[in-house]
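J.: coordinates only, no sequence provided:
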Ligand code: COS
């Protein structure tokens, strides 16, 4: 088989599952999107729906109660949900992000304790890496943990953490050896939300993604047993990096979904809206915009699917490809949603239409899971 034929294939049964998710997104999620954005309430009912439909099982292997369908299928699902509502897509994305450290580096005991309950949707995780002084540079974090007998005692705070207040447990990164230097001497821990000393200090008021709470967990002498360490002590930075090199594909798939959702709406609008006696879709100025939006999004989608297949195969260059997919998809989503607002004109600028929400939601895809600038840094490092 040629290298090109190996890029990716999507078996019919996964395409069928994608179509089912598309229908659920269209019929059950899209009608709720404006209200979720306006009220900024976490959609517990839609989370239950995702669990009932086995969608929250997508990031997990069969042995842990998941679907065992891999990363490409997960990307397809995130894309379909994000077309309807990016906040609801984030529920699935965090189910992956917050459990990847356990899947990749956790002990069998941690896997058995946490993965099946996440695959069934009973539990939600969170991934707590960023801090007020350590965003793009998590290697400079200040949260620390010291050993006390068989326990570790964690102190510090995190910020911009998705699922804050919702999650049943947090994967927390803390410095355990201050003498090791930048990005070294860091350890990953599981911290259950009911541990004494754990709290959410505050919640962020954001431009978009209103349906997903983002907050600042605080650790005040939080005690966890050694069994809650993920991977090796002082090797946690690698746990974070190997998680992010995979999870950023979720943000990329979400960006493609947001872009396609905006295109679909703008095309339908342009066919209906008449000015100067004709549908505005008959004007070349609008046709060229829509054509470019569609072409850019199709290109971003190919990169996301290709990178997803690389993660599934464990290719050596997956880091470069997931960063390229995230960079291209996020910048595309931003550009495309700005243009969608332009196609709708004055209507597009109001919240009577969904494209301004999509534009606000698109912005975060250029920031979280590594900014576009960080993706360029990761890609550039592979070019030496
Ligand atoms: N997988 C495994 N290990 C990795 C890795 C990866 N993808 N990338 C780096 N590492 C390892 C390195 O091999 C190095 O190991 P040693 O200590 O054994 O030498 C260690 O991690 C430190 O690597 P490096 O020196 O490259 O670290 P930097 O501090 O320069 O970090 C970037 C590099 C910019 C890539 C990192 O800080 C980063 O990803 N920043 C963005 C963080 C982010 O995405 N935040 C979003 C919020 S979380 S949702």
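T.: Structure's in. What do you need? All values reported here derive from a predicted model rather than from experimental measurement.

J.: any stretches of the protein with poor pLDDT?
T.: 1-5 (pLDDT under 70).

J.: let's see that with 90 instead.
T.: For the chain, the stretches with pLDDT under 90 are 1-7, 384.

J.: need the residues of it near the ligand, please.
T.: Contact residues (C-beta under 6 Å from any ligand atom) of the chain with the ligand: 127, 129-130, 136-139, 183-184, 237-238, 241-242, 244-245, 319, 368-370, 374, 377-378. Every residue, glycine included, has its C-beta placed from N, CA and C.

J.: residues contacting residue 46?
T.: 28, 29, 32, 88, 91 (C-beta atoms under 8 Å, 6 or more residues apart in numbering).

J.: got the buried residues for the strand or helix carrying it?
T.: Using DSSP states H and E, residue 46 maps to helix 44-52. Applying a neighbour-count criterion of 16 or more other C-beta atoms under 10 Å, one finds 46, 47, 49, 50, 51 buried in helix 44-52.

J.: tell me the one of those nearest residue 216?
T.: Set against residue 216, the nearest of the buried residues of helix 44-52 by C-beta to C-beta is residue 47 (22.1 Å).

J.: skipping adjacent residues, who's closest to that closest one in space?
T.: residue 91 (5.3 Å; C-beta to C-beta, 6 or more residues apart in numbering).

J.: packing partners of the host helix or strand of that neighbour?
T.: Here residue 91, judged by DSSP H and E, is contained in helix 86-97. Counting contacts by 3 or more C-beta pairs under 8 Å, 6 or more residues apart in numbering; DSSP states H and E, helix 86-97 packs against helix 33-39, helix 44-52, helix 70-84, strand 125-128, strand 161-162, helix 236-272, helix 355-365.

J.: which one in the protein is furthest away from the centre?
T.: The centre of the chain is farthest from one residue, residue 277, which by C-alpha atoms, centre = their mean lies 43.5 Å away.

J.: tell me the phi and psi of that one?
T.: Note on residue 277: its backbone torsions stand at phi 80, psi 10 [degrees, to the nearest 10].

J.: distance-wise, check it relative to the ligand.
T.: Separation of residue 277 from the ligand (C-beta to the nearest ligand atom, to the nearest Å): 50 Å.

J.: also residue 335?
T.: Distance from residue 335 to the ligand, by C-beta to the nearest ligand atom: 22 Å.

J.: in space, what's closest to that residue - neighbours in sequence excluded?
T.: Counting by C-beta to C-beta, 6+ apart, the residue nearest residue 335 is residue 296, at 6.9 Å.

J.: count the neighbours of the one you found for me.
T.: 20 (other C-beta atoms under 10 Å).

J.: how about it, what does it touch?
T.: Taking C-beta under 8 Å, 6+ apart as the test, what residue 296 contacts is 259, 332, 335, 336.

J.: so it, which of the three states?
T.: helix (DSSP: H, G, I helix; E, B strand; the rest coil).

J.: how about residue 220?
T.: Secondary structure, three-state DSSP: residue 220 is strand.

J.: residue numbering should commence at 49 henceforth.
T.: Okay, residue one is now 49; in that scheme the one you just asked about reads as residue 268.

J.: neighbours of it, how many?
T.: 14.

J.: most widely separated two among the contacts of residue 344?
T.: 307 and 383 (8.4 Å).
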